[in-house]
Structures are given as structure tokens and as C-alpha cells.
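**Q** make a model of this:
(one chain, ligands or ions: 2)
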Amino acid sequence: MENTKKVNYHESKFINQNGIQQTIMIPVVQDLAELKTLPENFIQNPAATHPFPPNASFEPIDMVKIQSREIRKLGRVCEDWGMFIIENHGLDPRLLHDRRGRAAEVVKRFFELPFEEKKSSVGTYTSADNMGYGRNFVKSEDQPLDWIDRLAMKAAPEGASDGLCVWPTNPPNFRSVIEKYVKATRKLMNELLQALAKAISLDKQSFSQYFNPNTSEINVRVNYYPPCPRPDLALGITPHTDASALTLLMQFESSNGLQVFKDDHWLTVPWPCNTLLVNLGDLMEIMSNGRLKSPWHRVMTQSEMGRSLIALFYNPPAQVEIGPVKGEEAMEEYKKVVVKEYLKHFYKVSPTASKVAIMYAKVN
Ligand SMILES: O=C(O)CCC(=O)C(=O)O
Ligand SMILES: [Fe+2]
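**A** Numbering: from 1, shown residues only. Ligands and ions are numbered 1, 2, ... in the order given. Modelled structure (predicted):
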């Protein structure tokens, strides 16, 4: 027998084309990790990967030196890639991955729990939309599935409501550790908003004007990609952009999963383990009038080892109307959108085969 493990299923709820709520049962990928063959519904046949150009301008951004030269570098890297690695981020390494693990450790311990314990440890949530322990963007029976298990929570503002506070109670320190990490990153993300505005020659408050620096929404998603029997056929996450303004990513255990689409090729992002990477989302593309574009990216799997990651999504408050902040360019290329409305649209149409959700906010 190939797989001795009992396979559990996530119940994925979604509204179908007839406006009716439907539930699909999706196998929990961790329970499939011992298989030698990839189940058919996970076959995505990803397009080939190309080598990352050796002399590409993908230099890390040093947050200690984030003044004129470093800001110009940030502008170049973002205009080329839509993402960048941060050095000297100022976060206490004990929050992240010191000997006692902290964030890395609670994530690992959560995913190590048996399925039933994971499920009972996570609270209930009223919305089917991408929160809680389960799967993203499953919209039909015949959609190829991603090789991922994930847990998503609203981490801020404190006491975020709508029944969406789904912190696991096991490991017992999961919430306190992740909340500490989130709290510490807010300052960094606010600094980044200002640096990004300066990087494209805008007033430094151009993006942060839409945020509340103390209470703007931060959503957390913890992804786990178990070892996969056929990394050549499967994807950890199908190609997408992030809907956020900024996404802050910290990866553990291994690297080489994240790929970015550039000049018609998929390239593995040279992102070392245990370092932070910032990915620009659609809301940033809108606010920057398209000068800072959200990159089209995907996640590959590996056969030998699993990989886990914490993603923080930083957005202006849901009710805020954002609009393009124009620099010297002649025209506004994007429309004003209410954050909540854009996110609703994004979740409704995703996943898409190419970068189309953003068209909602573009001037025709
Ligand atoms: O696994 C990664 O490197 C990226 C994850 C990602 O793109 C996402 O969670 O939106
Ligand atoms: Fe992403």
C-alpha cells in the first residue's frame, strides 16, 4: 500500500455560479505527503522554470541605511521585480527563529498536530472567505488543487470582529507569539510605506495617508507546503498577485519555493531562508498609479522537504477609499476604489489564469 495514513478532508465552502453555497471536500495535503504518485486533481503541469539572471538588480534593501541611495535602490528593485528582500529589519530575531524557535516554532508545532486536533484547536468563523484552517480559492469541483495547507487569521486591529478571529488554542502560545511578531512588524511596514513613496519621488505620506499607523488591518496567513511526490507536476500556490498593499513574508525550513514571472519567464527568487521578503500587492499598484506593480508569482514544491511561511498582509482600513497618487505622469491610470470593494472583487474572481483582477481598478 502506498499511503498508510488516513486521508482527512477540508470542507471548502464557496458560492457557485448560480449564487448557491456549495461545499467541496478537499484532501488535506499533509495526509498525502507519503504518496509516491501525485493524485490527478493536483496535476497543474507548471510552465518551465528559467535561471534567475546572474546580474539582475535584486539587491537586498538595508533598513538601517534607508536614506537617499538606498531609497533609489529600493525604487529600482521594485520597478524591476515588485518584491525585495530586507536586511537589518530591526526585528528581534528571538521573535522569529532563535534557538527556542518562537514564530517558526509555533507554526511548526501547529502543523504537526493531528488533523482533528488542528481543527478543534482553531475557532469557528462565519465567513467562508479565506479565513481559518483550510484552503484558498477553491471554486469548482474540477479546479486543480494547490499542494498547501494553510491557516489564516485577522491579527489586527485588536479584537477584529466578524467572527473571523480564529486563533488556534494549540500550541497554547501560538497567538501570543504571532501577535508579538505582528506588533513588531507594524513599525517596519509603516517605514516601508514611506520609503516606497519616496522611492518613486512622491511625498512620503502618499501611501501612509490611507493607513491608520496603529490600527490598520493586518491579516496573517501561515502556509505549509509538505514534501510533494511530483514537484514537476504540482504547485504550492497557483500563479496570482496578492490583493494587499504590502505582503511581508518570512520563510522557514527551506527556500527556492517562490517564483516570479518576468519577461515571459518563471524565475526562482533568490531568497534565503530565515530572511524577510516584501511583495507589493494590487492595492499598492493602485495607490502608486501603476508605477509599483504587483508581481505575478507562484510557489513550487519540493520532494525532499517541507517548507513553511508566515505571510502578513498590510492593508488600509476596509472602508477607506484609496486612489492613485500621481507623480509627474500625465494621467491617472487607476480609479478610486474602496479597499473592501476591491478585496471583494479580488476574492470573487480568483484564481485567474492571468493578472486580471486589477482591471477592475484601471481606467480603460
Ligand atoms: O510561499 C511563498 O513563497 C509565497 C506565498 C504567497 O505568495 C502567498 O501566500 O500569497
Ligand atoms: Fe502571494
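**Q** name the SS class of the nearest residue to residue 267 once chain neighbours are set aside, please.
**A** Nearest in space to residue 267, with sequence neighbours left out and distances taken as CB to CB, 6 or more residues apart in numbering, is residue 52 at 4.8 Å. No exception for glycine: its C-beta is placed from N, CA and C like everyone else's. Following DSSP: H, G, I helix; E, B strand; the rest coil, the label given to residue 52 is coil.
**Q** do I have it right that residue 52 meets residue 271?
**A** No - look at residue 52 against residue 271 with CB atoms under 8 Å: they stay out of range, at 10.3 Å.
**Q** when these two are compared, which one has more neighbours?
**A** Ranked by neighbour count (other CB atoms under 10 Å), residue 52 and residue 271 place residue 271 first, with 20 against 15.
**Q** could I get the pLDDT score of that one?
**A** For residue 271, the model assigns a pLDDT of 95.
**Q** what are the ranges of the strands in the stretch 201-350 of the chain?
**A** For the stretch 201-350 of the chain, the strands defined by DSSP state E, counting those that start in this stretch cover 218-225, 237-240, 246-252, 258-262, 265-268, 276-280, 297-299, 307-314, 321-322, 337-338.
**Q** mean confidence (pLDDT) on the last one, please.
**A** Confidence over strand 337-338, taken as the mean pLDDT, stands at 98.
**Q** from the contact counts, what lies against that strand?
**A** Contacts defined by 3 or more CB pairs under 8 Å, 6 or more residues apart in numbering; DSSP states H and E place strand 337-338 against strand 321-322.
**Q** counting by contacts, list what the strand it packs on packs against.
**A** helix 282-287, strand 337-338.
**Q** could you spell out the sheet neighbours of it, each with its direction?
**A** Partner strands and pairing direction for strand 321-322 (DSSP bridges) are strand 337-338 (antiparallel).
**Q** ok, and what's touching the strand it pairs with?
**A** 286, 318, 319, 320, 321, 322, 323, 360, 361 (CB atoms under 8 Å, 6 or more residues apart in numbering).
**Q** from residue 249, how far off is whichever residue of the chain sits closest to ligand 1?
**A** Nearest residue of the chain to ligand 1, counting by CB to the nearest ligand atom: residue 258, 3.4 Å away. Distance, residue 258 to residue 249, using CB to CB, to the nearest Å: 8 Å.
**Q** ok, now residue 90?
**A** 17 Å.
**Q** give me the more crowded residue out of those two.
**A** residue 249 (20 against 12).
**Q** nearest spatial neighbour of that one, chain-adjacent residues omitted?
**A** With CB to CB, 6+ apart, the residue lying closest to residue 249 is residue 277, at 4.7 Å.
**Q** name the SS class of the nearest residue to residue 24 once chain neighbours are set aside, please.
**A** Leaving aside its chain neighbours, residue 24 sits nearest to residue 12 (4.9 Å; criterion: CB to CB, 6+ apart). Of the three states, residue 12 takes strand under three-state DSSP.
**Q** show me what from the stretch 251-364 of the chain comes close to ligand 1.
**A** 251, 257, 258, 297, 299, 309, 311 (CB under 6 Å from any ligand atom).
**Q** just give me the neighbour total for the nearest residue to the first one once chain neighbours are set aside.
**A** So that's residue 251. Computed as CB to CB, 6+ apart, the closest residue to residue 251 that is not its neighbour in sequence is residue 309, at 4.5 Å. Residue 309 has 23 neighbouring residues, counting by other CB under 10 Å.
**Q** with residue 112 instead?
**A** 12.
**Q** do a quick rundown of the helices in the stretch 101-250 of the chain.
**A** 103-112, 115-121, 174-199 (DSSP state H, counting those that start in this stretch).
**Q** which stretch in those is the model least sure about?
**A** helix 115-121 (a mean of 89).
**Q** could you dump it to CSV, C-alpha only?
**A** The C-alpha trace of helix 115-121 is given here as CSV (Å, rounded to 0.1, in the frame of the first residue of the first chain):
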residue,chain,number,x,y,z
PHE,A,115,-5.8,16.9,11.7
GLU,A,116,-8.7,16.6,14.2
GLU,A,117,-6.6,18.5,16.9
LYS,A,118,-5.8,21.2,14.4
LYS,A,119,-9.4,21.6,13.5
SER,A,120,-10.7,21.6,17.1
SER,A,121,-7.9,24.0,18.1
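**Q** just checking, what packs against that helix?
**A** Using 3+ CB pairs under 8 Å, 6+ apart: helix 115-121 touches helix 103-112.
**Q** contacts only, for residue 350.
**A** 137, 240, 357.
**Q** against residue 208, how distant is the first one?
**A** It stands for residue 137. From residue 137 over to residue 208 (counting by CB to CB), the distance is 30 Å.
**Q** got the phi/psi numbers for residue 80?
**A** Backbone torsions for residue 80, taken as degrees, to the nearest 10, come to phi -80, psi -40.
**Q** contact partners for it?
**A** Applying CB under 8 Å, 6+ apart, the residues contacting residue 80 are 56, 57, 58, 262.
**Q** returning to what we had before: and the buried ones among the contacts of strand 337-338, selectable in PyMOL?
**A** Here is the PyMOL command that selects only those of these that count as buried (16 or more other CB atoms under 10 Å):
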select buried, resi 286+320+322+360+361
